[in-house]
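Just to be clear, the model below is a prediction. Sequence and coordinates:
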Amino acid sequence: MPELPEVETTRRGIAPYVVGRRVTGVLLRRPNLRWPIPPEITALLPGQRIDAVERRAKYLLLHTEAGSALLHLGMTGVLRVLPPDAPVGRHDHVDIALERTSTQAPRILRFTDPRRFGCLLWQPPGTIHERLARLGPEPLTDAFDGDLLWRRSRGRTAAVKLFLMDNAIVVGVGNIYASEALFRAGVDPRKPAGSISRARYARLAAEVKHLLAWAIERGGTTLRDFLAPDGAPGYFFRELMVYGRTGEPCRVCGTPIRQVTLGQRSTFWCPRCQR
DNA sequence: AGCAGTACCTGGTTGC
DNA sequence: TGCAACCAGGTACTGC
């Protein structure tokens, strides 16, 4: 399940193989993922040079002069750089073929996604795709801080965990990181967002930044086996404080971790450490 | 506007 | 053993 750190790790992993390189072809094995894949991609992308690979929220953007391909990995999406003759699996939905260069053999950028929650979209030059237009700030920039959370939460009654996962407030905080950050900040995930103090939000924002930055750093281990068929890292599971630990003792105080459903999502917290 | 509920999708796990 | 039910979860949509 790619969270923001894994998307960023993917970006860093593919960048050396794709930036500055020309696309020689696009193969769509199915017409839709989460949404229909814009058919113009197969006409516009071939022949284009990829100038940059950017990440915005959990989207990866391949920028070219003709426009930008937007890839979202959904829950189970994987993007890999492979030899052109790599065997095709059942869930290999898109191949973007990359030219041979003086230093690199021909490659394909392959998008694999068993559950098909991911998507491939197209953004014409000079425009911002509708799906990106109303997103909140990146969590690892200065635009995101405790004051932002505090200001935007005034008067809001939804649980603070749902507020933290709202993409219009801040992007990239998925279910796992929301539970973990709230634990580290000592905040009960069920509390109304509008009831949390400014100081507590400062702590929460800092914990979100810390967790994501730490995970991106650790994601570097994924890079090494980037070309492997499945680089499921599992790097953070050993270190989780509350996520998936229902009934197990809190790593800080020993109180059994509790679980509740908020917004149809499993939420984990320590009733003693989080108030 | 904010918020709760629902749908999408399929591999893996659980229960009978 | 075989099959059904359920779960995971980011995102967008609907309806109150």
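Cool, got the structure.

Work out for me the element A:L132 sits within.
Element membership of A:L132 [criterion: DSSP states H and E] is helix A:130-133.

A:R110 now?
Secondary structure (DSSP H and E) places A:R110 in strand A:107-112.

Adjacent strands (with direction) for that strand?
strand A:78-82 (antiparallel), strand A:92-98 (antiparallel) (DSSP bridges).

Of all these, which one comes closest to A:G254?
The closest of the strands paired with strand A:107-112 to A:G254 is strand A:78-82. By C-beta to C-beta, the value is 38.0 Å. From N, CA and C alone the C-beta is placed, and that goes for glycine too.

How far does that closest one sit from its chain's centre?
16 Å (C-alpha atoms, centre = their mean, to the nearest Å).

and what of stretch A:22-29?
Worked out by C-alpha atoms, centre = their mean, stretch A:22-29 lies 24 Å from the chain centre.

before we move on, the earlier item: and for the helix holding A:L132, what's in contact with it?
A:R56, A:A57, A:Y59, A:L70, A:L121, A:Q123 (C-beta atoms under 8 Å, 6 or more residues apart in numbering).

go with 6 Å
With C-beta atoms under 6 Å, 6 or more residues apart in numbering as the test, helix A:130-133 has contacts from A:R56.

Give me the buried positions along it.
Within helix A:130-133, the residues scored as buried using 16 or more other C-beta atoms under 10 Å are A:R131, A:L132.

likewise stretch A:83-101?
A:A86, A:H91, A:D92, A:H93, A:V94, A:D95, A:I96, A:A97, A:L98.

coming back round to it: pLDDT averaged over the helix holding A:L132, what's the number?
Mean pLDDT, computed over helix A:130-133, is 90.

Apart from its neighbours in sequence, what residue is nearest the residue of the stretch 151-275 of chain A found nearest DNA strand C?
Closest residue of the stretch 151-275 of chain A to DNA strand C, C-beta to the nearest atom of the strand: A:G174 (2.7 Å). The shortest distance from A:G174 to any non-neighbouring residue, by C-beta to C-beta, 6 or more residues apart in numbering, is to A:E3 (4.6 Å).

how near is the one you found to DNA strand B?
17 Å (C-beta to the nearest atom of the strand, to the nearest Å).

tell me the phi and psi of that residue?
phi -100, psi 180 (degrees, to the nearest 10).

next one: A:L204
According to degrees, to the nearest 10, A:L204 has phi -60, psi -50.

same thing with A:L61?
phi -120, psi 120.

Likewise for A:D147?
According to degrees, to the nearest 10, A:D147 has phi -70, psi -40.

What distance do you get for it to A:P124?
Noted for A:D147: a distance of 35 Å to A:P124, by C-beta to C-beta, to the nearest Å.

Check A:E54 too.
16 Å.

cool, A:A66 as well?
For A:A66 relative to A:P124 (C-beta to C-beta), the value is 8 Å.

wait, A:Q48 sits on A:G67?
No - the pair A:Q48 / A:G67 is not scored as a contact, 8.2 Å apart, by C-beta atoms under 6 Å.

out of these two, which sits in the more crowded spot?
A:G67 (21 against 17; other C-beta atoms under 10 Å).

Bridged to that one, which residues?
The partner residues for A:G67, given DSSP bridges, come to A:T64.

Would you mind confirming that it makes contact with A:P124?
Yes - A:G67 is within contact range of A:P124, at 4.9 Å (criterion: C-beta under 6 Å).

related to what we said a few turns ago, between the strands paired with strand A:107-112, which one is nearest to DNA strand B?
The nearest among those, by C-beta to the nearest atom of the strand, is strand A:92-98 at 10.0 Å.

what does the closest one contact?
A:21, A:23-30, A:107-112, A:120.

got it, and stretch A:61-81?
Taking C-beta under 6 Å, 6+ apart as the rule, stretch A:61-81 contacts A:1-2, A:10, A:14, A:17, A:44, A:48, A:50-54, A:59-60, A:107, A:109-115, A:117-125, A:129.
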